[in-house]
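Undergrad: Whatever this is, show me its structure:
(2 chains, ligands or ions: 3)
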Amino acid sequence: MPQKIHIEIDRELCTGCGICIRFCPKDVLGESGTLNQYGNFYTEVKKLEECIVCRQCELYCPDFAISVEVKE
Amino acid sequence: MITGKELREKYIRNQPTAFCPGCGDGMVLNGMSRAVENLGIERKDIVAVSGIGCAAWVVSPYWRVDTLHTTHGRAIPHAIGVKVGNKDLNVVVVSGDGDCVGIGGNHLIHACRNNIDLTVIMINNGLYAMTGGQVAPTTEHGEKTITTPYGNPSQGMDVAELVKAAGASHVARWTTYHMRELTKEVEYALEKKGLSFIEVITQCPTRTGKKDNLSTLEMLEWYKNNTSKNPEDGKITVGRSVDKERPEMADVIYEQIISAGGTLK
Ligand code: SF4
Ligand code: SF4
Ligand code: SF4
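TA: Ligands and ions are numbered 1, 2, ... in the order given. Now for the predicted structure:
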């Protein structure tokens, strides 16, 4: 069965610091250019199909805002 | 493997945090939570103690364990009280450099001398961040801060060397660039008997970042390029520098109570 990957970024928790974008080895993530209610430009998923589920983004996120879920 | 969301729901409370965007303090909290998860330690068996400053907020109010948020520089004496009161607890201190070695430096030295079984994580951003960016004992010589506008006339202190000399049984240094190594080190510290001291060099985009005109990502890049596991490289040395066995004070006290005919629960 192929894996079904879902990346959830909590828009209100994300501060748009860009750390996950920097540490993602596959350029999956990028800037959304949209503000959340706290005035931060949250990050969004750009190329989900490239994700290799290394979880580097989760490990480096200071705000526990990103979650990579895999469904078999 | 635990997902980011599961980790957050299990270990974190009171979000969003008050940390500035890109602050390394949240990364340390992330690594600590993962270390506890990887070891399978129950949250009820942890007491986390902090003093005052941005780093103190890492455990209180954000870490979902029992916490003590104490006075400036006094996290370690409170933690000693907890450990001696119940030595089965995992007692973790998270303290900033100003709190840990500036205000509370003497407590740190004597906790290391006694080798009491604590995990002390010192988040080092090189200045007093919460109060506006004043010079700290860890500020490098010549660095400009708001209280040293012509450059720091004194020398920055190598805290890892200090605690080594004072007798800590486990000493390590990492940066927020080294999240995998840091997580492993916290795991090791939680299991190691005696005082474990981990210095984490951490970006403060609001104070150090603004004054040095560096972004969060530039600071992380700087850590990558200016640290090495080899002390001969002339860079900031990261890695484990001390790992030794020494008598631990809470154990000794419990043995003394028993041999004097006392009983323990
Ligand atoms: S690391 Fe976390 S807070 Fe920072 S941009 Fe990515 S998801 Fe947002
Ligand atoms: S899991 Fe790895 S590849 Fe996927 S988005 Fe996160 S960092 Fe990128
Ligand atoms: S002032 Fe610095 S250390 Fe304090 S929360 Fe902001 S970035 Fe973090």
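Undergrad: From B:Leu127, how far out is the spatially closest residue to B:Tyr150 that is not a sequence neighbour?
TA: Take B:Tyr150 and drop its neighbours on the chain: the residue closest to it by C-beta to C-beta, 6 or more residues apart in numbering or on different chains is B:Lys144, 7.4 Å away. Quick note: C-beta positions are derived from backbone N, CA and C, even for glycine. The gap separating B:Lys144 from B:Leu127 is 10 Å, by C-beta to C-beta, to the nearest Å.
Undergrad: who has more neighbours, these two?
TA: Taking other C-beta atoms under 10 Å in any protein chain shown, B:Lys144 and B:Leu127 do not tie; B:Leu127 has more neighbours (27 against 15).
Undergrad: Surely that one is in contact with B:Lys210?
TA: No - applying C-beta atoms under 8 Å, one finds B:Leu127 not in contact with B:Lys210, separated by 11.2 Å.
Undergrad: list residues touching both of the two?
TA: B:Gly133 (C-beta atoms under 8 Å, 6 or more residues apart in numbering or on different chains).
Undergrad: which residues does the spatially most central residue of chain B contact?
TA: Central residue of chain B (C-alpha atoms, centre = their mean): B:Ile121, 1.5 Å from the mean position. Neighbouring residues of B:Ile121 by C-beta under 8 Å, 6+ apart: B:28, B:32, B:92-95, B:186, B:189, B:198, B:200.
Undergrad: Just those: which are in helices?
TA: B:28, B:32, B:186, B:189 (DSSP state H).
Undergrad: Was I right to think the second one contacts B:Trp63?
TA: Yes - under the criterion of C-beta under 8 Å, B:Met32 makes contact with B:Trp63 at 7.3 Å.
Undergrad: out of everything not next to it in sequence, what's closest to the one residue in chain B that gets nearest to chain A?
TA: Distances between chain B and chain A by C-beta to the nearest C-beta are smallest at B:Gly26, namely 2.9 Å. Distances taken as C-beta to C-beta, 6+ apart put A:Pro62 closest to B:Gly26, at 2.9 Å, once the chain neighbours are dropped.
Undergrad: tell me the secondary structure for the one you found?
TA: What DSSP: H, G, I helix; E, B strand; the rest coil gives for A:Pro62 is coil.
Undergrad: roughly how far apart are it and B:Thr71?
TA: Separation of A:Pro62 from B:Thr71 (C-beta to C-beta) stands at 26 Å.
Undergrad: where in chain A is pLDDT low?
TA: Scanning chain A for pLDDT under 70 picks out A:1.
Undergrad: give me every residue that touches the residue nearest to B:Gly26.
TA: So A:Pro62 contacts A:15, A:17, A:19, B:19, B:22-27, B:29-30 (C-beta under 8 Å, 6+ apart).
Undergrad: buried subset of those residues?
TA: The neighbour-count test (16 or more other C-beta atoms under 10 Å in any protein chain shown) marks A:15, A:17, A:19, B:19, B:22-27, B:29-30 as buried among the contacts of A:Pro62.
Undergrad: could you pick out which of those residues are near ligand 2?
TA: Residues of these in contact with ligand 2 (C-beta under 6 Å from any ligand atom): none.
Undergrad: now, which of those residues sits nearest B:Leu7?
TA: When the buried ones among the contacts of A:Pro62 are compared for distance to B:Leu7 (C-beta to C-beta), B:Asn30 wins out at 7.7 Å.
Undergrad: show me the residues around that closest one that make contact.
TA: Taking C-beta under 8 Å, 6+ apart, one finds A:59-62, A:64, B:7, B:179 in contact with B:Asn30.
Undergrad: In TSV, list the contacts of B:Ile121 along with neighbour count, distance to B:Asn106 and pLDDT.
TA: Below are the contacts of B:Ile121 laid out as TSV (neighbours: other C-beta atoms under 10 Å in any protein chain shown; distance: C-beta to C-beta, whole Å; pLDDT from 0 to 100):
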residue	neighbour count	distance to B:Asn106	pLDDT
B:Val28	25	24	98
B:Met32	29	25	98
B:Val92	28	21	98
B:Val93	32	15	98
B:Val94	31	19	98
B:Ser95	32	13	97
B:Val186	27	25	98
B:Ala189	25	22	98
B:Ile198	25	20	98
B:Val200	29	22	98
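Undergrad: hmm, back to that, quick one: which of the contacts of A:Pro62 sit in helices?
TA: Using DSSP H, the contacts of A:Pro62 in helices are A:19, B:25-27, B:29-30.
Undergrad: Which secondary structure state is assigned to the residue nearest to the centre of chain B?
TA: State at B:Ile121, reduced to three classes by three-state DSSP: strand.
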